[in-house]
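mind folding the following:
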Amino acid sequence: MLDASGLIHVQDDLFLVAEDERDQLRLFEFSRDSGTFRYTGQLLDFGAQESDFESMAYNPRQDAYYCIGSHSAGYS
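You can find the predicted model right below:
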């Protein structure tokens, strides 16, 4: 992961992390013993163009995830 730009808690020790430079979301597991995150190998890849993810949110009532991105006028 080059540039993490958003992180949200999903459940238990599982976190979803947005990649700023790629259209990718990755799942990480937090280890309470070591205080570190471990990549689970689960990747959501949305393609080759950069969405420039900036922030993320989760609505547990609807089980919906939201990503906010900033990008140039060419991608609008």
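
could you check how far the closest residue to residue 4 other than its chain neighbours is from residue 61?
Once flanking residues are discounted, residue 4 sits nearest to residue 17: 5.1 Å by C-beta to C-beta, 6 or more residues apart in numbering. C-beta coordinates here come from the backbone N, C-alpha and C atoms, glycine included. Shown here: residue 17 relative to residue 61, a distance of 22 Å by C-beta to C-beta, to the nearest Å.

what about those two, which has more around it?
Neighbours per residue, other C-beta atoms under 10 Å: of residue 17 and residue 61, the larger number sits with residue 17, 19 against 5.

re the thing from before, average pLDDT for the helix or strand where the residue nearest to residue 4 lies?
Assigned by DSSP states H and E, residue 17 belongs to strand 14-19. On average, the pLDDT along strand 14-19 is 88.

show me the contact partners of the next helix or strand after it.
Next helix or strand after strand 14-19 toward the C-terminus (DSSP H and E): strand 24-31. If you take C-beta atoms under 8 Å, 6 or more residues apart in numbering as the criterion, strand 24-31 is touched by 1, 10, 13-19, 36-40, 42-46, 53, 67.

so where do the strands sit in this protein?
For the chain, the strands defined by DSSP state E cover 4-11, 14-19, 24-31, 36-45, 53-59, 64-69.
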